[in-house]
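>>> model this:
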Amino acid sequence: MSQPTVLIECFETGFRGPWQEWAVVAIDVLRATTTILTGIAQGRRCFSAESLDAAVCLASRMPDPLLVGELGGNMPYGFDLTNSPSLLAKRTDTHRPMLLLSTSGTALISAARDAEVVYAACLRNYRAQAEALVGRYERVALVGAGSRREFREEDQLCCAWIASELVAAGYAPIGDAAEIIERWRGAPLTSILGGKSARYLTETGQQSDLEFTLQHVDDLDCVAQLEGDELVGSSSRVAVHSGGVRVDV
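So this is what the prediction gives:
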């Protein structure tokens with residue numbers, strides 16, 4: 001049996017397919033995948049849309065959806081909430097299914113849908129995500145969403161942390177994975193504060209999302225797997241595709 005491998009990529013600068021034989025983990029720490037995992041932690045059903053048109057179409061088939069998202073940093077007309085995990089965490093209407101649209105994160109999730117399996121992950125569940133991958137998939141691609149054609153610091157960090165867990169379990173890093181793992185080895189979480197994503201949130205009065213992200217690390221023992229347009233939550237100790245239940249809209 002060949003040694004399993006782990007690859008680290010950036011969606012906006014080098015996302016290479018086809019991915020049919022890969023387990024793809026989509027990572028957009030600030031903020032899409034953190035918003036998704038926060039919704040799942042609330043017990044919400046969570047859906048992902050690749051475009052505004054797709055979001056409108058999907059929303060028309062959903063009962064009282066909570067429309068969450070941004071395009072180019074702006075909340076689309078008619079949406080309930082911007083792409084904000086901190087604001088989502090404060091809401092109590094958890095019976096409403098969340099439909100998320102974002103500039104990079106949900107576009108990445110949609111682009112990877114032909115993979116063997118697609119997960120959404122963030123710092124909240126990085127250990128749980130690694131645990132769900134080990135021993136189940138031979139080829140793993142950790143893909144940071146990126147922004148403005150840059151592989152942002154927070155996504156590199158999250159990819160590196162998950163990859164480190166996989167390497168410790170016997171996976172071989174390929175491509176630039178070893179270099180990225182080494183770059184972020186021992187780096188403090190606060191190192192992401194100097195990045196452009198963090199500065200953007202601070203400068204636009206959305207620092208609460210940055211603070212939320214820094215305060216919620218490795219606090220969820222669940223994963224989010226794409227099933228159709230829905231991101232289905234499950235314990236990291238049970239493969240979602242074998243133990244989860246898909247419910248169509």
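>>> Roughly how far does the residue nearest to Pro18 when sequence neighbours are not counted sit from Cys46?
Distances taken as Cβ to Cβ, 6 or more residues apart in numbering put Asp114 closest to Pro18, at 6.5 Å, once the chain neighbours are dropped. In short, each C-beta sits where N, CA and C put it, glycine included. Relative to Cys46, Asp114 is positioned 21 Å away (Cβ to Cβ, to the nearest Å).
>>> Which strand or helix spans Ser86?
When elements are defined using DSSP states H and E, Ser86 is found to belong to helix 85-89.
>>> same thing with Ala26?
Counting by DSSP H and E, the secondary-structure element that holds Ala26 is strand 23-27.
>>> Could you name the helices and strands sitting against that strand?
helix 105-111, strand 117-121, helix 126-133, strand 139-144, helix 153-168 (3 or more Cβ pairs under 8 Å, 6 or more residues apart in numbering; DSSP states H and E).
>>> May I have the strands that pair with it, each with its orientation?
For strand 23-27, the paired strands and their directions (DSSP bridges) read strand 117-121 (parallel), strand 139-144 (parallel).
>>> what mean pLDDT would you report for it?
Computed over strand 23-27, the mean pLDDT rounds to 98.
>>> For Val56, report the pLDDT, please.
Val56 is assigned a predicted lDDT (pLDDT) of 97.
>>> and the residue nearest to Pro18, helix, strand or coil?
coil (DSSP: H, G, I helix; E, B strand; the rest coil).
>>> what's the burial count for it?
Residue neighbour count, defined by other Cβ atoms under 10 Å, stands at 12 for Asp114.
>>> shouldn't it be in contact with Trp19?
Yes. Applying Cβ atoms under 8 Å as the test, Asp114 and Trp19 come out as touching, 6.0 Å apart.
>>> still on that earlier bit, for the helices and strands packed on strand 23-27, give me CSV that also has mean neighbour count and mean pLDDT.
Below are these laid out as CSV (neighbours: other Cβ atoms under 10 Å; pLDDT from 0 to 100):
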stretch, mean neighbour count, mean pLDDT
helix 105-111, 25, 95
strand 117-121, 27, 98
helix 126-133, 24, 98
strand 139-144, 27, 97
helix 153-168, 23, 98
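>>> Redo the ones you listed as CSV? Include distance to Phe79.
Shown next, in CSV, are those (distance: least, Cβ to Cβ, whole Å):
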stretch, distance to Phe79
helix 105-111, 13
strand 117-121, 19
helix 126-133, 28
strand 139-144, 25
helix 153-168, 24
